[in-house]
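S.K.: sequence first, predicted model second:
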Amino acid sequence: MKKLLSTIIFCGAVLAINAQKITSPNGKLSAKTIDQKFVINYNNQKVLELADVPFSNLTFTKKVKADYRMLEGKRLHCTNVAREYQAPIGHDAKIVMRLYNDGIAFRYEYTNLQNIKVPEEQTNYIIPEGMKRWMLQWSDGYEGFFPMSTTAEVKTLGGFGGSMVQKDINTHWGYPLLLEASPDPSEGGGIFALITEANIERRQSASSLFNKGEVFSVKQDQNELLLSGDWHTPWRVVIIGTLADIVESTLVTDVSKPTQYQDVSWIKPGVVSWIYWAYNHGSNDFNIIKKYVDMAVTLKLPYVLIDAEWDEMDKVAANEGKTIEDAVRYAVSKGVKPLIWYNSSVGWVNGAPGPKYRLNKAEDREKEFAWCEKIGVAGVKIDFFSGDNQMNMDYCQDLLESAARHHLLVNFHGAPIPRGWQRTYPNLLSTEGVYGAEWYNNVPHFTKKAASHNATLPYTRNVIGPMDYTPCAFSDSQHPHITSLGHELALTVLYESGLQHLADRPESFLAQPQEVQDFLGQLPTVWDETRYVSGYPGESAVLARRSGNTWYVAGINGQDELQVLPTKLGFVGKKWKNVQVFADDASGQWQINNTKKLPAEMTCQPRGGFVLVIR
């Protein structure tokens with residue numbers, strides 16, 4: 001059997017040199033095997049090559065249509081169409097490939113497996129030296145920068161939180177990986193490709209990329225299972241097109257398994273007041289929790305997160321015997337829905353905060369989540385996972401399913417990136433998997449890099465799913481920030497997350513102008529539509545998101561000098577009545593006004609930003 005599988009995986013090298021061209025429904029995407037390389041084109045321009053893969057002799061099998069609704073994300077109603085092709089790759093195995101209008105997705109499918117290890121995959125992307133790319137050095141929590149580079153010869157960043165200690169050349173990369181395949185001097189006019197994966201199911205691990213020179217190979221993470229019967233890999237996904245196509249794509253959820261939940265009426269996205277950032281500590285202080293509940297009441301936020309160490313609350317003398325149940329009771333009495341934190345107890349355990357070991361066993365998990373539901377907890381934040389292995393993937397799905405049985409929302413923290421579960425398990429409203437604002441607590445170098453990093457995330461990490469960056473810090477934490485007031489406010493719209501945790505302390509939020517407080521209290525976390533407006537990775541980003549009849553346009557400057565950012569907004573129509581503008585003046589203070597005219601451009605201060613609310 002092992003010999004047979006080796007034949008299956010490597011047979012691409014002996015298949016026909018030239019194969020018939022395959023195309024997407026709109027004809028913009030096409031692909032063909034040439035000289036043992038699978039070449040993908042967009043508008044007849046080469047975008048990406050794959051080497052030594054069994055993609056020859058693909059035969060059209062059917063048209064595929066995606067038409068579904070989401071509870072959070074870039075848009076509520078998602079549609080897409082594809083042409084599906086298949087090719088045998090040996091006995092009881094085949095490759096299935098779909099060409100969508102905005103990218104490709106393919107996977108390997110096997111039948112009649114008999115107690116064998118996961119077949120080794122041979123998917124190799126060729127990324128030529130000299131091509132611009134934004135790559136994340138892999139870590140189990142996907143917390144790092146996406147610096148622009150033109151080479152794979154990048155030094156590994158070692159030390160705490162990637163604290164800029166240069167070591168050996170890095171060869172291990174996390175998803176997503178963004179490429180500029182064909183530059184164009186016009187705004188957003190180049191052709192880009194974003195490599196990722198989607199639809200992790202049970203008995204599967206996630207994967208990442210390892211390179212040798214220009215060849216980036218997909219390698220599945222640890223999976224010790226012996227497989228019998230039918231099995232397939234997750235979808236290998238490449239989103240392709242202009243920056244607008246990349247940013248607006250829903251391809252990751254388009255290929256993911258639909259939800260089986262019958263009732264989703266209890267799943268309510270929203271904005272959350274969050275304690276940890278200001279104190280670099282958990283939530284064992286009852287009086288501090290009350291402050292954040294009270295802030296949520298004042299700002300009209302639906303949720304408060306009670307973070308780590310709540311299990312030690314009764315041990316703190318100042319709490320006078322108060323427990324987590326008292327804290328939950330206080331929040332509920334004020335009309336604020338509490339979320340509480342758990343340690344997954346599979347990643348960082350020794351020396352880590354608790355509560356620990358309450359979710360690992362099925363019977364313990366059911367008991368704990370039943371207790372949460374009984375006392376009025378609305379959701380759980382689960383932290384400190386240990387990477388992309390099969391055990392973690394199955395454990396996450398166990399957690400999501402158990403939480404749903406008890407009507408609990410879920411936020412995965414210290415966890416791998418989203419890969420489509422937000423469609424399959426709609427109670428998963430956010431995932432960290434990002435170098436976010438909490439790193440102001442940990443490392444000094446985040447201060448100088450944050451603006452450029454923030455202007456890269458809309459084109460990389462946030463493309464693939466909700467992102468718990470924890471935005472909107474007007475004051476400073478352990479290390480200062482040098483992004484502007486307008487920049488920080490813009491992140492609440494620019495970054496999509498079903499649970500949008502606001503990072504700052506109550507004193508800071510409540511000192512802001514009333515217009516800013518009202519904005520936060522009315523901030524949607526569910527969007528009917530998302531549009532790319534302008535920008536370029538690391539330099540600037542301007543996106544527009546629609547909630548009902550209101551458009552929110554957010555832009556940030558990722559550079560250290562003033563920029564004028566285009567805001568061509570013809571798509572909003574002519575029925576709007578008022579534009580509220582939140583921006584920075586030259587002195588760094590708020591510039592808030594109302595206008596009857598849509599601006600064609602916005603002047604952004606260094607590391608500045610703005611929000612337009614078009615009603």
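M.R.: Sure, I can see it.
S.K.: continuing past the strand ranked longest in the chain, what's the next helix or strand?
M.R.: Assignment by DSSP state E gives strand 103-116 as the longest strand of the chain. Later in the chain than strand 103-116, the nearest helix or strand by DSSP states H and E is strand 124-126.
S.K.: and that following strand, how far from the chain's centre?
M.R.: What separates the centre of strand 124-126 from the centre of its chain is 23 Å, taken as CA atoms, centre = their mean, to the nearest Å.
S.K.: which residues does that strand contact?
M.R.: Contact with strand 124-126 is made by 37, 48-53, 195, 209, 214-218, as judged by CB atoms under 8 Å, 6 or more residues apart in numbering. (Glycine included, C-beta is placed from N, CA and C.)
S.K.: contacts for the longest strand of the chain next, please.
M.R.: Under CB under 8 Å, 6+ apart, the answer for strand 103-116 is 1-2, 5, 29, 31, 40, 55, 82, 89, 92-98, 119, 121, 193-194, 198, 226-241, 249, 251, 255.
S.K.: just the buried members of those residues?
M.R.: For the contacts of strand 103-116, a burial check counting by 16 or more other CB atoms under 10 Å picks out 5, 29, 31, 40, 55, 82, 89, 92-98, 119, 121, 193-194, 198, 227, 231-241, 249, 251, 255.
S.K.: list the ones among these that fall in strands.
M.R.: Among these, the ones falling in strands (DSSP E) are 29, 31, 40, 82, 93-98, 193-194, 198, 227, 231-232, 235-241.
S.K.: list the buried ones in the biggest helix by length in the chain?
M.R.: Criterion DSSP state H: the longest helix present in the chain is helix 390-405. Neighbour counts over helix 390-405 (16+ other CB under 10 Å) mark 390-397, 399-400, 402-404 as buried.
S.K.: K94 reaches P88, doesn't it?
M.R.: Yes - K94 lies in contact with P88 (CB atoms under 8 Å); the separation is 5.1 Å.
S.K.: for the closest residue to H172 other than its chain neighbours, give me its contacts.
M.R.: In space, and not counting its chain neighbours, H172 is closest to W138: 4.4 Å by CB to CB, 6 or more residues apart in numbering. Residues near W138 by CB under 8 Å, 6+ apart: H172, W173, G174, S208, L209.
S.K.: mind doing that once more with 10 Å?
M.R.: For W138, the contact set (CB atoms under 10 Å, 6 or more residues apart in numbering) comprises G144, N170, T171, H172, W173, G174, Y175, S208, L209, F210, G387, D388.
S.K.: cool, G213 as well?
M.R.: By CB under 10 Å, 6+ apart, the contact set of G213 is I126, I127, P128, E129, A152, E153, T171.
S.K.: pick the one among these closest to N549.
M.R.: Closest approach between the contacts of G213 and N549, by CB to CB: I127, at 43.2 Å.
S.K.: so H172 is in contact with T156, correct?
M.R.: Yes - with contacts counted by CB atoms under 10 Å, H172 reaches T156, the gap being 8.6 Å.
S.K.: dump the C-alpha coordinates for stretch 358-373 into CSV.
M.R.: Presented in CSV, the C-alpha positions along stretch 358-373 are these (Å, rounded to 0.1, in the frame of the first residue of the first chain):
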residue,chain,number,x,y,z
ARG,A,358,-11.9,22.0,32.7
LEU,A,359,-12.5,21.4,29.0
ASN,A,360,-10.2,18.6,27.9
LYS,A,361,-12.5,15.6,28.7
ALA,A,362,-15.9,15.4,27.1
GLU,A,363,-17.8,14.9,30.4
ASP,A,364,-15.9,17.8,32.1
ARG,A,365,-16.5,20.0,29.1
GLU,A,366,-20.3,19.4,29.0
LYS,A,367,-20.5,20.0,32.8
GLU,A,368,-18.6,23.2,32.6
PHE,A,369,-20.5,24.6,29.6
ALA,A,370,-23.8,23.6,31.2
TRP,A,371,-22.8,25.6,34.3
CYS,A,372,-21.9,28.6,32.1
GLU,A,373,-25.3,28.5,30.4
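S.K.: for the record, mean pLDDT for that stretch?
M.R.: For stretch 358-373, the mean pLDDT works out to 98.
S.K.: what sits up against that stretch?
M.R.: Residues contacting stretch 358-373 (CB under 10 Å, 6+ apart): 311, 324-325, 328, 338-340, 342-346, 355, 357, 377-380, 382, 395, 398-399, 401-408.
S.K.: mind checking which of those residues are in helices?
M.R.: I324, E325, V328, Y395, D398, L399, E401, S402, A403, A404, R405.
S.K.: need the buried residues of helix 390-405 in TSV with pLDDT and distance to A317, can you?
M.R.: Listed next are the buried residues of helix 390-405 as TSV, based on pLDDT from 0 to 100; distance: CB to CB, whole Å:
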residue	pLDDT	distance to A317
Q390	98	45
M391	98	40
N392	98	38
M393	98	42
D394	98	42
Y395	98	37
C396	98	37
Q397	98	41
L399	98	34
L400	98	38
S402	98	35
A403	98	34
A404	98	38
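S.K.: can I get those in CSV with distance to E529?
M.R.: Listed next are these as CSV, based on distance: CB to CB, whole Å:
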residue, distance to E529
Q390, 37
M391, 38
N392, 34
M393, 31
D394, 35
Y395, 35
C396, 29
Q397, 30
L399, 31
L400, 27
S402, 33
A403, 29
A404, 27
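S.K.: can you give me the strands in the stretch 451-600 of the chain?
M.R.: Here the stretch 451-600 of the chain has its strands, by DSSP state E, counting those that start in this stretch, at 499-502, 529-536, 540-547, 550-557, 563-566, 579-584, 590-595.
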